[in-house]
Every structure is written in C-alpha cells, then in structure tokens.
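A.B. asks: All I have is the shape, not the residue letters:
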C-alpha cells in the first residue's frame, strides 16, 4: 500500500520555495520547487503559486490537506504577516503563532509560521531560520550552545534545547555578491573564479579577516591592490574576498565560540568554508543537513499549531 | 592687460574631469568641467575629450600650451599608463614620472602624473590623491602627520613634508552607495533621506561604529531591524548607515590618530561628517579646500616635469 500525503511542508524564501509532500509519520513522499519566491509575488499571487506546487506533489484529490509554511511568506511584504515571536522564547510553541491565509480550495489549510525578533541586546529579525533551529533541537535534543547559519544573511543563534536565547545577523553573503557584482573589485574578479588560486586566496583572506576584523573597510581594497601590483588572478581575488568576509564574521563572534563543535546549517559548500575558517581558530564546525532540519522543524511546529 | 593662460591643470577622475586655465603665476583664469571621466573613455577618445575642455577654456590660439593631468587618466585602463611611484617616496619629484601621450594639436603638450603604490606594509594604490598631498605640502610646508581624504575610496596617508611615508584605503563611500542602492537595506532607505532624523541616526551609527568596528557585518543589518522593529524613518536609517561606516573607518585608524588636528581633504559636506566623528573620539579634523590643494599640487608637480 502506498502511503498518502498527509501534509505539505513548505520553505518559502525570498527568491524561491521548496515543498515536500509528507506522510503522517514524517517521511518525504514527494518534493517540488519553484522560483516563485516572496520577492516576486504580490499577496494575491501566493495562492496560485502554492497551487502550482501542490499540483506537482499530487496529494489525493478531495482530501483535506494541511500546508505548513516557514520563511518570508510571513513577512510584512509577503502573503500574510505572521507577527514575530520575541527572543528569548521557546520555539517549541512556534506553531501557536501561525497565521492562516485564505485559499480558494477549501480543502487546503495553510499555516504560516512566525519569525523571531529580538528587541533587547541588539535589534534583530529572522524568518525561516527559527524553524531550522527548532528542527535542530528535534534532531539533537540536548544541544545547548551556539549555532551558525551561513548564508546571504548569516545568523548566529544561541540555543538551549528548543529555547532561542538570542541571535545576531551578519550580511556576509550579500556583501560578497554586491562587491563581486557592482564594486570596483569586480574588475579584479572578472574571469575564471574557481581556478587553482582560489584556495590560496581564501586562506590568505581568512587569515587577514581573523587577524584584523576591525579593518574590513581597509582590507577589502587589498583585493584591488593585489590584482594591480602582484597580478593576482580572478580566482585568487575571489577566494581572498570570500575568506576575508568569512574570517571577519567569525572573528566578530569569537568571544562566543567555545570548545564544543558548532552546528553549521546552510548550503554544504558554504558550510565547508566556515568549518575551514573555524578550524583556523582552533574551533570545530559540524555541518548539519539543512533540508533535514527544516523538515524536522516544520514537523515539530505543526504539532503546536492551534 | 588680461593675463593669458600659460598652462592647464586637469584633475581627471573615474567619473568626471575638471580643468583650470592657469596664469604663469598660478592664478585661475578660467575653469571647465566635463562628465567624460576615465571610466567612460577608451584610450583613443581622451584627446577629443581634452580638446572639448580646452575649447571651453579658450587659451590663446596658436600658442604652445602645457596640460598637467593627475588622476585616473594615468591608470592602466586610462589614456596612457603612468607607472606608480613606490611609497615611501618624495612627492617633490612627482613630475619626473609623468608620461606624455600624443595629441593631434602639436601645440598641446600633455603630461600625466603618476600615482603612488605601496608594496611593503600592505599593498595599496592611489591616483590623484598624491597630487593633493603634494599640494597640501605646498600650502602647509611643515606639516608632518596623518592626512584623511574621505571619498568613494578614502585614503589615510602619513606625510612628512613632501614625503609620503605610507597609506591605506577604506572602501567606505563605495560601500555606502552599494548598500543604499542594491542591498536589502535599500528598503529601509527608500524615501526622504535628508529629513530631521538623519542627524540622530548618524550619531547613533557613528557611536556603534566607533565602539565596535570589528562587527561591521553584524551592525549593518541593524539598519533593517531598526526599520522593521522600531519604525525608524528612511532618513534615520540613511544617517545611521553613513555614521556606522564612517565611525568604523575612523576606529580602524584610531591608533594612528594623535592630538594634532588632522587635515581632511574631500567634499566639504563629507569632510564635515568626518570632523564630527573625529570629535567624538576627542580628535580634531581640519577641513582643507580640496580644489586649492589639487591646484597647488599640479602647480608643484609641473615644476618637476622633465
């Protein structure tokens, strides 16, 4: 007997969305993806975008289907605003803050999970990462400590079981893309970017970022000077820029980093770079499967939806 | 009797150029400007762009005319490369490194001044600022100490008379423009930017930058969080971002800053912001007229052209 899809898990980001058809027991029965991220949709376009994805998953027709959504669909400029929970808070009750936008198909019940904000100790916001953190707490129930989530806007969160104590955001990934695409440094990064020099450049940049994080504005220009004066290749320069930014980010969080391995949640290639720089400081990163934790988080949140 | 133009001073930047018709005694008799910056020209287009500017200055027809150029026209991707002098070096001999591109009008003799590079103590390059530094040394002959040149790529140079000892570059201005135009922060800066909140935001950002320069990547995202959580206005956010970047830049140079007033060379509005942040650290900035020093520098360099 084939298991049927009991509910649908959705991670709805700014630039795309991913969806999984889940069995009641939490197994993935089907998956789908779309480029209809929040950034491309007006509120009234969300139901159709979701419908297209549901059609790919082919849940049984005519049956009631729950859809649990995390991420930017719940932002103010998204589908329907799901007001932030405020850290410190217990993510175990994440589902209680869900909002329920109307959809034309009466059999489809949509729940959009809230993000988390922080007002004391540095204003900050997250949407989507809180669900991954809840998932991490499901997968590693006793974990207490720092979690690093590398990406466009990297998050560093302090977790105690399902409780998020506080967090910060570093604009590392976005800055890399901006500098590579629009700044004067683009001239030095114009060409092959994954050549043999990338690794050396990354190591040199990470070293400079770790050693002198207060001078990021000054060290960035070294990319240009290295290309002009030492004939550094585009791949060396790209590696240097990436290493410099990641090294600077990790140095800023160094006083929080202890001896326990730090879970890294994000794309595996990016997490490997963070693990490498953490190792340069004597710390250890442990790469976590980001799909596993987002699914575990959506599943755990579903249990607390009112 | 009207004095006639003996030579033409040109500051040829990436995005535009400025030219002045000078008397033999160094008085400005006429000025002209053009948006034909180096970034918009191929090497063979420079003579026409210069000719257009010379026509605006109306030097006496048929007479030999010297044109002394500083800035990006001498870059590798400019008109004709003027190889860098290497710091530490005496800018008093800047003119000896000039190159002389051919122009159709045989009466026009063009000299493009070199930039300065640094290979030891942090690779770095400048083109144009060296001429302003030479000009500062003419205007304030005994000055020895730090000079700050705020801009797209801010320079901090150490000068001893006409000798440049070393320098750094901070990508502060370019980063402000990139973040304002292309990053997620643009949503928080979308609207009136010079409103009454700008000043408060600037003060708060400068304070954060000065206090915690190693966490620029993290503090940048606070702009977004402040707009989302505290409803900060676009002008507050723009002020905060500007203050944060300038504060971070000044903090990185703090160990070089002594008790003497620091000459500030750049746009007067930007220099006033730097002076304000320097004052927050207990230091003093002294705003220098940037046109005066570029003209003094071109005049001094002209004297050493071979």
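C.D. replies: Yep, it's here. Note that the coordinates shown come from a computational prediction; the quantities given were computed from them, not determined experimentally. Numbers count the residues shown, from 1 in each chain, chains lettered A, B, ... in the order given.
A.B. asks: burial measure for the residue of the stretch 1-150 of chain A found nearest chain B, as a count.
C.D. replies: Residue of the stretch 1-150 of chain A nearest chain B, by C-beta to the nearest C-beta: residue A:123 (3.9 Å). For every residue, glycine as well, the C-beta is placed using N, CA and C. Per other C-beta atoms under 10 Å in any protein chain shown, the neighbour tally for residue A:123 reads 19.
A.B. asks: repeat for residue A:66
C.D. replies: Close neighbours of residue A:66, defined as other C-beta under 10 Å, add up to 16.
A.B. asks: Just to be sure, it is in a helix?
C.D. replies: No: secondary structure of residue A:66 (DSSP: H, G, I helix; E, B strand; the rest coil): strand, not part of a helix.
A.B. asks: Strands of the stretch 151-300 of chain A, residue ranges please.
C.D. replies: Under the criterion DSSP state E, counting those that start in this stretch, the stretch 151-300 of chain A contains strands at A:154-160, A:163-170, A:262-265, A:285-288.
A.B. asks: Quick one: closest of those to chain B.
C.D. replies: Among the strands of the stretch 151-300 of chain A, the nearest to chain B by C-beta to the nearest C-beta is strand A:163-170 (4.0 Å).
A.B. asks: Please tell me the pLDDT value assigned to residue A:64.
C.D. replies: At residue A:64, the pLDDT value in this model is 89.
A.B. asks: How about it, nearest residue that isn't a chain neighbour?
C.D. replies: Leaving aside its chain neighbours, residue A:64 sits nearest to residue A:107 (5.1 Å; criterion: C-beta to C-beta, 6 or more residues apart in numbering or on different chains).
A.B. asks: wait, that neighbour sits on residue A:66?
C.D. replies: No: counting by C-beta atoms under 8 Å, residue A:107 does not reach residue A:66; the two are 10.0 Å apart.
A.B. asks: circling back to that earlier point, what residues does the residue nearest to residue A:64 make contact with?
C.D. replies: Contact analysis of residue A:107 by C-beta atoms under 8 Å, 6 or more residues apart in numbering or on different chains lists A:62-65.
A.B. asks: Which residues of the stretch 1-150 of chain A lie near chain B?
C.D. replies: When proximity is defined as C-beta under 8 Å from any C-beta of the partner chain, the stretch 1-150 of chain A approaches chain B at A:76, A:117-119, A:122-125.
A.B. asks: Now tabulate those residues in a markdown table and tack on secondary structure, distance to residue B:272 and pLDDT.
C.D. replies: What follows is the residues of the stretch 1-150 of chain A next to chain B, written out as a markdown table (DSSP: H, G, I helix; E, B strand; the rest coil; distance: C-beta to C-beta, whole Å; pLDDT from 0 to 100):
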| residue | secondary structure | distance to residue B:272 | pLDDT |
| --- | --- | --- | --- |
| A:76 | coil | 36 | 92 |
| A:117 | strand | 35 | 98 |
| A:118 | strand | 34 | 98 |
| A:119 | coil | 33 | 97 |
| A:122 | coil | 29 | 93 |
| A:123 | coil | 28 | 96 |
| A:124 | strand | 32 | 98 |
| A:125 | strand | 33 | 98 |
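A.B. asks: Please identify the helix or strand for residue A:29.
C.D. replies: According to DSSP states H and E, residue A:29 maps onto strand A:28-34.
A.B. asks: for that strand, packing partners?
C.D. replies: Under the contact definition 3 or more C-beta pairs under 8 Å, 6 or more residues apart in numbering or on different chains; DSSP states H and E, strand A:28-34 sits against strand A:17-22, helix A:46-57.
A.B. asks: what sits up against the longest one?
C.D. replies: Pointing back at helix A:46-57 there. Helix A:46-57 has contacts (C-beta under 8 Å, 6+ apart) with A:5, A:8, A:10, A:17, A:19-21, A:30-34, A:36, A:41, A:65, A:67, A:73, A:78-79, A:101, A:103-105, A:108, A:110.
A.B. asks: What subset of those is buried?
C.D. replies: Using 16 or more other C-beta atoms under 10 Å in any protein chain shown as the burial test, those include A:5, A:8, A:10, A:17, A:19-21, A:31-32, A:34, A:36, A:41, A:65, A:67, A:73, A:78-79, A:101, A:103, A:108, A:110 as buried.
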